[in-house]
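Asks: Requesting a structural model of the entry that follows:
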Amino acid sequence: MANPERGEVDLEIGGKVYTLALGIGALTEIQKVVHTANKRVTMFEVLDGAVRGDVEYLVVLLWGGLRRHHRELTITDAASLLDEYAAFRGGIPALKKIAPIIAELIGGTKPDAVDEGAIEGPEARPLDGPGTGSIGTRSISKRAKSA
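Replies: Down below sits the predicted model:
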């Protein structure tokens, strides 16, 4: 089950629920897959391409999103999941329905408005110095549940 506080969303395909998350590890793995010897591809290009309908980027983004909770699934498995998703929702045009899910994942990688201002807010604790074991401010907000 997805944990929205960790930027996770659930995606139901063929009667099975998959939990997707795009953490730094997943984003790094995605970039390793899409880079070529002549061109480094940024995550912004991958995300933009996937949302605009580039199927190759859509597959690799889904695969990356699956890495945290479904590590056993391959890129080929991710493509098969998209095939299955499309088959039950009206064919290839149905893949554009994945875009809002991707947008939700992308949103999960950014701080919400309360967190952005947390360092200024009254509940914020100051950043600790090096060697203190702290990595920064603590989140004080709760993400809204997805519709």
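
Asks: before we move on, what SS does residue 60 have?
Replies: Residue 60 falls in the helix class when you classify it by DSSP: H, G, I helix; E, B strand; the rest coil.

Asks: Surely it is in contact with residue 34?
Replies: Yes. Under the criterion of Cβ atoms under 8 Å, residue 60 is in contact with residue 34, at a separation of 6.1 Å. Placement of C-beta: from N, CA and C, glycine included.

Asks: between these two, who's got more neighbours?
Replies: Taking neighbours as other Cβ atoms under 10 Å, residue 60 and residue 34 compare with residue 60 leading, 23 against 19.

Asks: any idea how far that one is from residue 5?
Replies: 26 Å (Cβ to Cβ, to the nearest Å).

Asks: One more: residue 48?
Replies: The spacing between residue 48 and residue 5, counted by Cβ to Cβ, is 26 Å.

Asks: repeat for residue 94
Replies: Computed with Cβ to Cβ, the distance linking residue 94 and residue 5 is 29 Å.

Asks: Between the two, which has more neighbouring residues?
Replies: Set side by side, residue 94 and residue 5 give different neighbour counts by other Cβ under 10 Å, the larger being at residue 94 (14 against 11).
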